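> Got a predicted structure here, sequence first:
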Number of protein chains: 2
Amino acid sequence: MVTLAEVAQHAGVSASTVSYVLSGKRSISATTRQRVEQSIRELGYHPNAGARALASNRSNIIALMVPLRTDMYVPVMMEIAIAVTTAARTHGYDVLLLTGEEGPDAVRRVTGSGLADAMILMDVELQDERLPLLRGTDQPSVLIGLPASTTGLTCVDLDFGATGALCVEHLAKLGHHDVAVIGEAPAVYERHTGFAERTLDGLRSRARDLGLRVLHRPCEGGYDAMAVTLARIFDERPGTTGFVVQNESAVEPLLAQLRRQGRAVPEDVSVVAICPDQVAVQASVRLTSVAIPAQEMGRHAVERLVAKLDGRGGDDVVLIAPELTVRASTGPAPAGP
Amino acid sequence: MVTLAEVAQHAGVSASTVSYVLSGKRSISATTRQRVEQSIRELGYHPNAGARALASNRSNIIALMVPLRTDMYVPVMMEIAIAVTTAARTHGYDVLLLTGEEGPDAVRRVTGSGLADAMILMDVELQDERLPLLRGTDQPSVLIGLPASTTGLTCVDLDFGATGALCVEHLAKLGHHDVAVIGEAPAVYERHTGFAERTLDGLRSRARDLGLRVLHRPCEGGYDAMAVTLARIFDERPGTTGFVVQNESAVEPLLAQLRRQGRAVPEDVSVVAICPDQVAVQASVRLTSVAIPAQEMGRHAVERLVAKLDGRGGDDVVLIAPELTVRASTGPAPAGP
DNA sequence: TTGAAAGCGCTAACAG
DNA sequence: CTGTTAGCGCTTTCAA
């Protein structure tokens, strides 16, 4: 194993000079720098991570805590994880993967051991048990998601309130009056993750302004559950012509069921989905949708975190503005009966 | 920050004693051990990861390299990643997430810096450019997937050859004679990942033994591509009654297209899928399938790696035996015309 | 069964 | 602009 000292000797300079060439923390003459860099290349030197962490009190590692649960739409998680990793690398950080399994203990372990310099938490609940720990430490952290209280915390999330509003606005503009919202599985609401509720609040409040009627039904994914849900919706509101779906595993069942009932999309009913673009594009009808900006969320989280690590910027909440893409699943409301 | 020295002082013992209590590498009297453990708890001591890594030359970190690409079925990747992380924790290891983006450089960086003690590579290609590096280092590694040559390497994968055979056997037993295989997108074959070819080889060879005819068509996912593919299949082999699908994004389009053509599943045609259980269960027809054992693959990979780190066990190839679950998409072949 | 002490490889004062 | 040096917190001989 090649050490810094060996590089120094090979280049005919002191260890500290090599160190400073590497860190750029003090100016080095061009010739010295070149000799050192040359030696580094020739010897194939890689700084030892442990030694560096010990001496500098910095591991250059960001911990990322992903949910263990698999009932949320996984590709989004993965996309965020990859975006975080990629973004972190551009700032010189590596990413340590933690599962939610260990819960608060993982936070204690990582902060206590100096394994990571900072952490990003996904799948945050309204009253998340990890939050007190985060507030009580000086280790920077960023949440992806919004807990009940954000004081003393930095959060990044899609603006789900605006998302709901955007969906209903689009339907209103097309002349729809009766809108049904097909939501996440009841378990998601019970877990108090908040985003589903925020969507609904935003949607309802804008619907009120615009004079639309809204019916909301949570829904397990799958074809059977959807049949039941849809029957209840049309039973209660026969005049429903607009749908907002926020549940990836309900998207295809909804389209199938509508087809079976002889309701054409978008001629008879319009459907707006809140889902990753990939799902919207690959569905049997290309869906008008608001995308979950996974990449952007991951990137933002890292940017905020790095800012904190560099002593710039403090706590705040970044809500990403939703964007609605019109595709083939929405159209003018059919003429009234 | 609490250090080992402080714990030692608090417990009235030497630093080395505390260290040995932690590592268990030499026997400690019960009373001493208890005093030390008590102090550790009282002070809330966590060993410093960097110092430990420096002194012991072990980071207790396993690097996991995931593909950056998103055209493979992502949930499987995620499930493997989570399985790896969970399994690693039970052995005292944390997991560092690397994306394929950096390619061989990441391998160099991680092995060179001692950031990780070992690594797991996913999405291995037949002629993977990272393999020479792995062979040339003494750092243990495990591949998930099978390259062209496995000498000097440890690999874990589903036995795709047996998987193909199993699918065609199932169809043969039900009396089907003409089988169509709907494969991955052409890009997957071109990338030379091997698993698709291995499936096909196993399937074809068993089909030959059993006297079945096989027609193979790669297929981009999606409804339009499937319409074309299916038309060509029935054009060429009108008597096709059995399907094997190995492409998650083709599953639902296939079922939809068959429905549209008035072919009932499983009365007129049978469908066997090679896909995660979740996909098989959530499809519009519950699919008879061979599952991708993501959890098992992740767990196996970690077990192998830990064995190598502990000096037990060497290089070998672990092929996980496929299991076929019969659901609602396969049945007896219809009587001949 | 325990202690003392020498590093592990690097960073960051401090000194020139 | 560069060198000297004192640790960072832990593991592990060596010695008792």
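Looks like it arrived, so ask away. Numbering: from 1, shown residues only, chains lettered A, B, ... in the order given.
> C-alpha from now on. contacts and neighbour counts both.
Will do.
> Show me which residues of chain A are close to DNA strand D?
Counting by C-alpha under 7 Å from any atom of the strand, the positions of chain A adjacent to DNA strand D are A:12-17, A:26-29, A:31-33, A:51, A:54-56.
> of those, buried ones?
By neighbour count, with 16 or more other C-alpha atoms under 10 Å in any protein chain shown, these hold A:15, A:17, A:32-33, A:51, A:54 as buried.
> Return the subset of those lying in helices.
A:15, A:17, A:32-33, A:51, A:54 (DSSP state H).
> which two in those are spaced the farthest apart?
A:Thr32 and A:Leu54 (26.8 Å; C-alpha to C-alpha).
> Chain A: helices as residue ranges?
Using DSSP H, helices in chain A cover A:4-11, A:15-23, A:30-43, A:49-56, A:74-90, A:104-113, A:131-136, A:160-173, A:186-190, A:195-210, A:223-236, A:248-260, A:277-282, A:294-309.
> B:Asp157: which of those helices is closest?
helix A:74-90 (21.1 Å).
> Which strands or helices does that closest one pack on?
strand A:61-66, strand A:94-99, helix A:294-309, helix B:74-90, strand B:94-99 (3 or more C-alpha pairs under 8 Å, 6 or more residues apart in numbering or on different chains; DSSP states H and E).
> Apply 6 Å and report the result again.
Packing partners of helix A:74-90 (3 or more C-alpha pairs under 6 Å, 6 or more residues apart in numbering or on different chains; DSSP states H and E): helix A:294-309, helix B:74-90.
> and it, how far from the chain's centre?
9 Å (C-alpha atoms, centre = their mean, to the nearest Å).
> Which positions in that helix come out as buried?
A:74-89.
> between these, which is closest to A:Gln139?
A:Ala88 (16.6 Å).
> Could you check how far that closest one is from chain B?
11 Å (C-alpha to the nearest C-alpha, to the nearest Å).
> same deal with A:Ser270?
20 Å.
> How many residues are close by that residue?
27 (other C-alpha atoms under 10 Å in any protein chain shown).
> beta partners for it?
A:Gly242 (DSSP bridges).
> tell me which parts of chain A are close to chain B?
Proximity of chain A to chain B, by C-alpha under 6 Å from any C-alpha of the partner chain, involves residues A:46-51, A:53-54, A:74-75, A:95-97, A:112-115, A:222, A:282.
> Enumerate every residue touching A:Glu323.
Taking C-alpha atoms under 6 Å, 6 or more residues apart in numbering or on different chains as the contact definition, A:Glu323 lies against A:Val290.
> quick one, what contacts A:Gly298?
A:80, A:83-84 are the contacts of A:Gly298 under C-alpha under 6 Å, 6+ apart.
> Adding distance to DNA strand C and pLDDT, write those residues out as JSON lines.
Below are the contacts of A:Gly298 laid out as JSON lines (distance: C-alpha to the nearest atom of the strand, whole Å; pLDDT from 0 to 100):
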{"residue": "A:Ile80", "distance to DNA strand C": "29", "pLDDT": "92"}
{"residue": "A:Ala83", "distance to DNA strand C": "26", "pLDDT": "94"}
{"residue": "A:Val84", "distance to DNA strand C": "24", "pLDDT": "97"}
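> For A:Met72, give me the pLDDT.
Per-residue pLDDT puts A:Met72 at 61.
> now A:Thr111, nearest residue through space, not along the chain?
In this structure, A:Thr111 finds its nearest non-sequential neighbour in A:Gln139, 6.9 Å apart by C-alpha to C-alpha, 6 or more residues apart in numbering or on different chains.
> phi, psi of the one you found?
phi -80, psi 130 (degrees, to the nearest 10).
> From chain B, how far off is it?
A:Gln139 is 12 Å from chain B, by C-alpha to the nearest C-alpha.
> Report how many residues lie close to that residue.
With other C-alpha under 10 Å as criterion, A:Gln139 counts 18.
> Also within reach of DNA strand C: list those from the ones in helices among the buried ones among the residues of chain A next to DNA strand D.
Within these, those near DNA strand C by C-alpha under 7 Å from any atom of the strand are A:15, A:51, A:54.
> Please tell me I have it right and the first one contacts A:Ala8.
Yes - with contact taken as C-alpha atoms under 6 Å, A:Ala15 and A:Ala8 are classed as touching, separated by 5.2 Å.
> check contacts around the residue of chain A found nearest DNA strand C.
Nearest residue of chain A to DNA strand C: A:Leu4, at 3.0 Å (C-alpha to the nearest atom of the strand). With contact set as C-alpha under 6 Å, 6+ apart, A:Leu4 has no partners.
> A:Lys308: how many residues sit nearby?
19.
> residue contacts, A:Ala8?
A:14-15.
> What of A:Ala148?
A:Leu126.
> Please report the distance of it from A:Gln127.
6 Å (C-alpha to C-alpha, to the nearest Å).
> likewise A:Thr229?
30 Å.
> Ok, A:Met1 next?
With C-alpha to C-alpha as the criterion, A:Met1 and A:Gln127 are 48 Å apart.
> Could you do A:Val285 as well?
On the measure of C-alpha to C-alpha, A:Val285 and A:Gln127 end up 38 Å apart.
> who has more neighbours, these two?
A:Val285 (19 against 16).
> Which phi and psi values does the more buried one adopt?
Dihedral angles (degrees, to the nearest 10) for A:Val285: phi -120, psi 130.
> Look up the pLDDT of it for me, please.
95.
> dump the residue contacts of it.
Applying C-alpha under 6 Å, 6+ apart, no residues qualify as near A:Val285.
> Please repeat the previous calculation with a cut-off of 7 Å.
By C-alpha atoms under 7 Å, 6 or more residues apart in numbering or on different chains, the contact list for A:Val285 reads A:328-329.
> now swap in A:Arg327 and tell me
By C-alpha under 7 Å, 6+ apart, the neighbours of A:Arg327 are A:286-288.
> Now distance to A:Gly183 too, for the residues you listed, in JSON lines please.
As requested, the contacts of A:Arg327 are exported to JSON lines (distance: C-alpha to C-alpha, whole Å):
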{"residue": "A:Arg286", "distance to A:Gly183": "19"}
{"residue": "A:Leu287", "distance to A:Gly183": "16"}
{"residue": "A:Thr288", "distance to A:Gly183": "17"}
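> Turn those residues into JSON lines, including neighbour count and distance to B:Arg263.
Putting these into JSON lines (neighbours: other C-alpha atoms under 10 Å in any protein chain shown; distance: C-alpha to C-alpha, whole Å) gives the following:
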{"residue": "A:Arg286", "neighbour count": "17", "distance to B:Arg263": "24"}
{"residue": "A:Leu287", "neighbour count": "27", "distance to B:Arg263": "27"}
{"residue": "A:Thr288", "neighbour count": "26", "distance to B:Arg263": "30"}
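> Among the residues you listed, which one sits closest to chain B?
Within the contacts of A:Arg327, distances to chain B taken as C-alpha to the nearest C-alpha reach their minimum at A:Arg286, with 10.3 Å.
> With adjacent residues omitted, what lies nearest to that closest one?
With C-alpha to C-alpha, 6+ apart, the residue lying closest to A:Arg286 is A:Ala328, at 5.2 Å.
> Nothing else from me, thank you.
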